[in-house]
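Novice: Here is a sequence together with a model predicted from it:
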Amino acid sequence: MMDIILLVIGFNVLILGILGCLIPLIPGPLVSWVGLLILHFTNIVDQNWSLLGVTFGAMVVIGILDYIIPAVGAKKFGGSRYGIIGTQAGLVAGLIFFPPFGMLLGAMLGAFFGELVKDSKDTQRALKAAFGSFIGFISSTFLKVCFTVTFLVIYVRIFWNHRGYFLQELEGMFSFI
């Protein structure tokens, strides 16, 4: 019975991780990885530390890129060092003060105001940097969603390979009927 409970909890945690990619308060990739970890704590699925280690490492890289990509977007659209610093500061401030959508707005405003600090008369450049930050944020979110959906695919594949054992346990739970 415990394996079925862990299977359901792990699946729900994975779904929460996918939603977490869109809700900045929930660290989507980390939550999705925990869903995979929960599946490996069942008695049915052998613990595959190689898979968990590789997916954990990839999750850490994605987490780091989540903060770098919006700054790169600002830079690609003509932002200066001031715009990049503003993007990073805006990401953090937006997450703290205006969740859940504050990261997006904060990154854009940070890039915009960072560029205005450099040159208060060049609003065109500031707007381009803010747009680049927006594109970077959207790209980062897309990357996280793809990543967490990949975790879901891995989860389903592992379940599918062991479905007979899970179904036997499920039948055992209802054999008293």
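Specialist: On my side now, so go ahead.
Novice: Low-confidence regions, the protein specifically.
Specialist: Applying pLDDT under 70 to the chain picks out residues 24, 100, 176-177.
Novice: Run through the helices of it in chain order.
Specialist: Here the chain has its helices, by DSSP state H, at 2-20, 28-40, 49-76, 81-97, 102-118, 123-161, 163-173.
Novice: Is it possible to get a markdown table of those that adds mean neighbour count?
Specialist: Every C-beta, even on glycine, is put in place using the N, C-alpha and C of the backbone. Listed next are the helices of the chain as a markdown table, based on neighbours: other C-beta atoms under 10 Å:
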| stretch | mean neighbour count |
| --- | --- |
| helix 2-20 | 18 |
| helix 28-40 | 22 |
| helix 49-76 | 17 |
| helix 81-97 | 21 |
| helix 102-118 | 23 |
| helix 123-161 | 19 |
| helix 163-173 | 13 |
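Novice: any idea how far L95 lies from T42?
Specialist: 34 Å (C-beta to C-beta, to the nearest Å).
Novice: G10 now?
Specialist: From G10 across to T42, the span is 8 Å (C-beta to C-beta).
Novice: for V72, same thing?
Specialist: 40 Å.
Novice: same check, this time on S32
Specialist: With distances taken as C-beta to C-beta, S32 is found 17 Å from T42.
Novice: With G17 instead?
Specialist: Remark: distance between G17 and T42 (C-beta to C-beta) = 18 Å.
Novice: Then L16?
Specialist: 19 Å.
Novice: nearest residue to M108 other than its sequence neighbours?
Specialist: Once flanking residues are discounted, M108 sits nearest to A130: 4.5 Å by C-beta to C-beta, 6 or more residues apart in numbering.
Novice: which ones are touching that neighbour?
Specialist: By C-beta atoms under 8 Å, 6 or more residues apart in numbering, A130 lies in contact with 74, 108-109, 111-112, 115.
Novice: need those residues in JSON lines with distance to V153, can you?
Specialist: What follows is the contacts of A130, written out as JSON lines (distance: C-beta to C-beta, whole Å):
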{"residue": "A74", "distance to V153": "32"}
{"residue": "M108", "distance to V153": "32"}
{"residue": "L109", "distance to V153": "36"}
{"residue": "A111", "distance to V153": "34"}
{"residue": "F112", "distance to V153": "38"}
{"residue": "E115", "distance to V153": "40"}
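Novice: Sweet, I'm off.
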